[in-house]
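Peer 1: For reference, the sequence and a predicted model appear below.
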Amino acid sequence: METASVKLGGWDRDRMSAQLQPVIILWQNLVKNPRVLKVPKGSNDVSLPVDSFIIMEAQNAYNLVQLVNSTLGAVARVLKGVDLLTTSVQSAATCLASGNVLDEWSDQWEGPEKLVLWLEVL
């Protein structure tokens with residue numbers, strides 16, 4: 001019953017899976033390198049302001065990669081039928097399926113407007 005009402009409400013898991021599979025595979029390939037998801041090391045002995053800036057930017061980049069990884073992981077789990085569909089996952093999947101970057105992501109880093117390009121540049 002829930003599946004039918006979700007399909008009537010605009011969610012078709014098979015269609016979404018077909019549209020988002022290339023994006024999910026792209027992301028999985030991009031994060032295969034273990035250094036991508038590794039916490040950046042900071043130093044307690046930061047003498048120059050530029051060093052502080054670089055450490056802060058590395059931490060911000062790490063946080064954004066973690067956010068993207070978490071969002072795409074949640075979408076992938078719903079598409080596989082492992083997790084239940086929530087409004088936030090449905091909203092994210094719908095946005096991503098149309099090729100757009102989530103506002104939550106672009107608010108943290110302004111990159112290319114096209115989703116695939118944004119993920120590759122990140």
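Peer 2: Thanks, I have the structure now. Fair warning: this is a prediction, and the values are worked out from it, not measured in the lab. Numbering: from 1, shown residues only.
Peer 1: where in this structure is pLDDT low?
Peer 2: Flagging of the chain using pLDDT under 70 yields the residue ranges 1-10, 36-37, 42-46.
Peer 1: Could you pull out the helices in it for me?
Peer 2: Assigned by DSSP state H, the chain shows helices spanning 2-8, 13-30, 49-80, 87-97, 103-106, 115-121.
Peer 1: wait, L102 sits on T71?
Peer 2: Yes - if you go by Cβ atoms under 8 Å, L102 and T71 touch, sitting 6.8 Å apart. For glycine as for every other residue, the C-beta is placed from the backbone atoms N, C-alpha and C.
Peer 1: What about the nearest residue to P40 once chain neighbours are set aside, how many residues nearby?
Peer 2: In this structure, P40 finds its nearest non-sequential neighbour in A58, 3.9 Å apart by Cβ to Cβ, 6 or more residues apart in numbering. Applying other Cβ atoms under 10 Å, we find 14 residues neighbouring A58.
Peer 1: Please apply the same query to I24.
Peer 2: With neighbours defined by other Cβ under 10 Å, the count for I24 comes to 17.
Peer 1: pretty sure it contacts A74?
Peer 2: No - applying Cβ under 8 Å as the test, I24 and A74 come out as separate, 11.0 Å apart.
Peer 1: Find the residues that touch each one of L102 and T71.
Peer 2: A92 (Cβ atoms under 8 Å, 6 or more residues apart in numbering).
Peer 1: any idea how far K80 lies from T71?
Peer 2: Between K80 and T71 the computed distance is 15 Å (Cβ to Cβ, to the nearest Å).
Peer 1: between those two, who's got more neighbours?
Peer 2: T71 (20 against 11).
Peer 1: who's in contact with that one?
Peer 2: With Cβ under 8 Å, 6+ apart, T71 has these contacts: A92, L102, E104, W105.
Peer 1: Name the nearest residue to the first one, sequence neighbours excluded.
Peer 2: Looking back up the chat, that one is A92. T71 (5.5 Å).
Peer 1: Could you do the last one as well?
Peer 2: Among residues not flanking W105 along the chain, V68 sits closest, at 6.1 Å (Cβ to Cβ, 6+ apart).
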